[in-house]
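Enquirer: Below are the sequence and a predicted model; questions follow.
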Amino acid sequence: MLEINSRNIRTWSMMGQRGAALIIALSELASARKDIMVVTADLSLGSGLERYKIAFPEQFVDVGIAEQNMIGVAAGLAKEGNCVFTTTYAPFASMRCYEQIRNNLGVNEFNVKIIGFSSGVAMGAGGSCHHAIEDIAIMRSIPKMIVLSPADALETIKMIEEVSKTDRPAYIRLTGNLNCPVVYKEDFEYKIGKANILRTGERVALIAAGTMVNEAIRTSKLLEEKGISSTVVDMHTIKPIDKEVIDKLTKEHELIVTVEEHNIIGGLGSAVAEYLSTKETHTRQLFIGFNDIFPKMGDYNYLLKEYGLYAETICSRVIENLEKRA
Amino acid sequence: MESTEKKIEDIRQMAKRMRLKALDMALKSGKKGSHLGGAFSCMEILACLYGEVMNIHANNPTAADRDRFIASKAHCVLAYYTALYEKGFISEEELETFQENGTYFGAHPYKSARHGIEYTGGSLGMGLSLGVGMALDAKMKKRENHVYILIGDGEIQEGSNWEAIMSAAQFQLNHLTLIVDKNKLQYYGQTSQVMNIDPLTDKLKAFGWEADMVDGHDIPQLLNVLKKETKKPHAVIADTIKGKGVSFMENEREWHHSVLTKEQYETATEEVRNKPIC
């Protein structure tokens, strides 16, 4: 049983979401359950899985650089009753083998959880081929697929534990790099499909997922300095989306802002809008994300700033939107 | 010896009944058409697997030690469903619903444990990876069951197969058998002309498999090779004829998927009843 204390939380955040998932969470699960299997596509070295591989050789499979086979083999293992996690970088985890995912996890409903790490633009100078700004869109369009994106390392660990309890297929989108910001400073209740309200305010509701949750908190603080009260929601489950919390937000705020490290088409913002638009009266929405472009290359933080996924820029855009509508 | 001959004759008769049943189903499908060509090329393969080779029983379709079969060339349903019918997994009434609205039994198989259908398929190149995972689980858990995957020769053009072929050798899955229904025709024409796959046996051997070529309509040859115990993953290249058993369908590309008229049905059933296959 993992001890959740401030020291461990700091250590896990230094490992980033990927380290928390692959070094801590999967080992914890595998030691408790023999039906846990991890299948990777040549991504154990350097990703943290080396230690897992040594500790649980019977619960580990490396298929080499072959993502289509990774999903097929994982599906075969799941068909035989295992709970299988696959891991590699998000673009390869989600896109190279999309039809295998759609048919094996979607149509056949095999119990496979895909961990796509370094999603968004965490791979920075690696360029567009290593970025993933489409994965939420394509994954959530597969019927019944669960789509998750944790805000920090602790939430990653809790999310993986929770998702292992369901036999539904899932895509777990890990964002950020090492030293990811701490959003949850102490233990908290985590439930798939139940968003967490992190700050409560009045005019603006910031809905974010992944590492953008921390930027949303920073944005909220900046808005507060300008006299604008805001709510911050960690929408860690993008599918099924928490309709109850959206209902609450739309009743109590004049602007909803969705913040995602993803194309604004098909991602978190779209998921929120799809539900909002069914309401008789609904709050208007500001979409923050990549505006249908492939980001250029550069350091992770440079890219976030360059494309406005940064609290200072988000704050300005919110104020501009409020003033324009006033 | 006598009992072996009887067994062979039983399987021959089973394949004949499967062809006749398939023709009934194809006729009933009317203008929807059906995949007769690729089903008739693998009738003997399915009859051998379900009639003799596989340890699988309709009264316990999810038994842990059952052998597994995946129809990766999923359009072979007229052979697959009729084999399952022969073994009591599918009833006559259920077969009657073939390709009808709301049916379980469409042009590609839909996963249903009680019907003995392990996988919802239809997209080529997916079955072998699944089989690798299933055979890997059996190996890790020290189960003795065997996993059989049927693919088409055109299907092997899908690159995903070669990822799976590499991994089966790497994981030393000697309880995995890949059967290639090599009828030499794909949708557009001859496989050798569209995208040549040969020399297939040599390629599979080079990838670390044991590979055997047999006449895919010769029941004794098929039984012999399908029962063979190997130390490596085993590939059976079954040399077959698309549309085998009906002269006007044999080696004719258009019978990949086509409409069967009443007149053609009469001719076809007459031939299947009276002409020996091999």
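Expert: Everything's here; your move. Numbering: from 1, shown residues only, chains lettered A, B, ... in the order given.

Enquirer: Please count neighbours and contacts with C-alpha atoms only from this point.
Expert: OK.

Enquirer: Next secondary structure element downstream of the longest strand belonging to chain A?
Expert: The strand that spans the most residues within chain A, counting by DSSP state E, is strand A:255-263. Counting by DSSP states H and E, the next helix or strand C-terminal to strand A:255-263 is helix A:268-276.

Enquirer: Show me what the mean pLDDT comes to for that next one.
Expert: Averaged across helix A:268-276, the pLDDT comes to 97.

Enquirer: which of the residues in stretch B:137-155 are buried?
Expert: Neighbour-count burial for stretch B:137-155, counted by 16 or more other Cα atoms under 10 Å in any protein chain shown, picks out B:137-139, B:145-155.

Enquirer: swap in stretch B:154-168?
Expert: For stretch B:154-168, by 16+ other Cα under 10 Å, it's B:154-157, B:160-168.

Enquirer: could you give me the average pLDDT of it?
Expert: 98.

Enquirer: Report the entries of the buried residues of stretch B:137-155 that also contact chain A.
Expert: When contact is defined as Cα under 8 Å from any Cα of the partner chain, the buried residues of stretch B:137-155 meet chain A at residue B:137.

Enquirer: Using CSV, lay out the buried residues of stretch B:154-168 together with secondary structure.
Expert: Listed next are the buried residues of stretch B:154-168 as CSV, based on DSSP: H, G, I helix; E, B strand; the rest coil:
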residue, secondary structure
B:154, coil
B:155, helix
B:156, helix
B:157, helix
B:160, helix
B:161, helix
B:162, helix
B:163, helix
B:164, helix
B:165, helix
B:166, helix
B:167, helix
B:168, helix
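
Enquirer: check contacts around residue A:176.
Expert: In this structure, residue A:176 makes contact with A:16-17, A:118-120, A:122, A:210-211, judged by Cα atoms under 8 Å, 6 or more residues apart in numbering or on different chains.

Enquirer: top of these by neighbour count?
Expert: residue A:17 (33 neighbours; other Cα atoms under 10 Å in any protein chain shown).

Enquirer: wouldn't it be in contact with residue A:172 here?
Expert: No - Residue A:17 is not in contact with residue A:172 according to Cα atoms under 8 Å; the separation is 10.7 Å.

Enquirer: Near chain A, which residues of the stretch 1-150 of chain B are found?
Expert: Checking the stretch 1-150 of chain B against chain A by Cα under 8 Å from any Cα, the hits are B:111, B:119-121, B:126-134, B:136-137, B:140.

Enquirer: same question, the stretch 151-278 of chain B
Expert: With the criterion set to Cα under 8 Å from any Cα, the stretch 151-278 of chain B comes near chain A through B:160, B:163-164, B:167.

Enquirer: Find the residue at the geometric middle of chain A.
Expert: Centroid check for chain A by Cα atoms, centre = their mean gives residue A:149 as the closest residue, at 1.6 Å.

Enquirer: didn't that one look like it was pressed against residue A:210?
Expert: Yes - counting by Cα under 8 Å, residue A:149 does reach residue A:210; the two are 5.1 Å apart.

Enquirer: Which neighbours do these two have in common?
Expert: Once Cα under 8 Å, 6+ apart is applied, the residues that residue A:149 and residue A:210 both contact turn out to be A:173-175, A:236.

Enquirer: Between the residues you listed, which sits nearest chain B?
Expert: residue A:173 (23.9 Å; Cα to the nearest Cα).

Enquirer: and that closest one, how many neighbours?
Expert: Residue A:173 has 30 nearby residues by other Cα under 10 Å.

Enquirer: Now it. Its backbone dihedrals?
Expert: phi -100, psi 110 (degrees, to the nearest 10).

Enquirer: Could you pull out the strands in the stretch 51-200 of chain B for me?
Expert: Assigned by DSSP state E, counting those that start in this stretch, the strands in the stretch 51-200 of chain B fall at B:68-71, B:147-152, B:176-182.

Enquirer: and the angle for the longest one with strand B:147-152?
Expert: Angle between the axes of strand B:176-182 and strand B:147-152 is 20 degrees (criterion: axes from the mean of the first three to the mean of the last three Cα atoms, to 10 degrees).

Enquirer: Residues touching strand B:176-182, excluding its own?
Expert: With Cα under 8 Å, 6+ apart as the test, strand B:176-182 has contacts from B:41-42, B:128, B:131-132, B:135, B:146-153, B:168, B:216, B:233-241.

Enquirer: do the same with the second one
Expert: Contacts of strand B:147-152 with the rest of the structure, by Cα under 8 Å, 6+ apart, involve B:67-73, B:125, B:127-128, B:131, B:134-135, B:175-183.

Enquirer: Just put the strands of the stretch 51-200 of chain B in JSON lines and tack on distance to residue A:2.
Expert: Formatted as JSON lines, those follow (distance: least, Cα to Cα, whole Å):
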{"stretch": "strand B:68-71", "distance to residue A:2": "39"}
{"stretch": "strand B:147-152", "distance to residue A:2": "39"}
{"stretch": "strand B:176-182", "distance to residue A:2": "40"}
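
Enquirer: what about the residue of the stretch 101-250 of chain A found nearest chain B, distance to residue B:125?
Expert: Per Cα to the nearest Cα, the residue of the stretch 101-250 of chain A with the smallest distance to chain B is residue A:108, at 6.1 Å. Taking Cα to Cα, to the nearest Å as the measure, residue A:108 falls 15 Å from residue B:125.

Enquirer: Looking only at neighbour counts, state which of those two leads.
Expert: residue B:125 (27 against 19).

Enquirer: these two touch, right, the more buried one and residue B:163?
Expert: No - using Cα under 8 Å, residue B:125 is not in contact with residue B:163; the gap is 10.1 Å.

Enquirer: from memory residue B:208 sits against residue B:169, does it?
Expert: Yes - between residue B:208 and residue B:169 there is a contact at 5.5 Å, judged by Cα under 8 Å.

Enquirer: Pull up the overlap in contacts between those two.
Expert: Shared contacts of residue B:208 and residue B:169, counting by Cα under 8 Å, 6+ apart, come down to B:232-233.

Enquirer: need the helices for the stretch 1-150 of chain B, in chain order.
Expert: In the stretch 1-150 of chain B, helices defined by DSSP state H, counting those that start in this stretch lie at B:2-28, B:37-40, B:43-48, B:77-86, B:92-96, B:127-140, listed in chain order.

Enquirer: Now the ones you listed in a markdown table, please, with extra columns for mean pLDDT.
Expert: Below are those laid out as a markdown table (pLDDT from 0 to 100):
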| stretch | mean pLDDT |
| --- | --- |
| helix B:2-28 | 95 |
| helix B:37-40 | 97 |
| helix B:43-48 | 98 |
| helix B:77-86 | 98 |
| helix B:92-96 | 95 |
| helix B:127-140 | 98 |
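
Enquirer: Let's have the ones you listed in CSV, adding distance to residue B:265.
Expert: Shown next, in CSV, are the helices of the stretch 1-150 of chain B (distance: least, Cα to Cα, whole Å):
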stretch, distance to residue B:265
helix B:2-28, 7
helix B:37-40, 14
helix B:43-48, 18
helix B:77-86, 15
helix B:92-96, 17
helix B:127-140, 32
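
Enquirer: Thanks again, I'm all set now.
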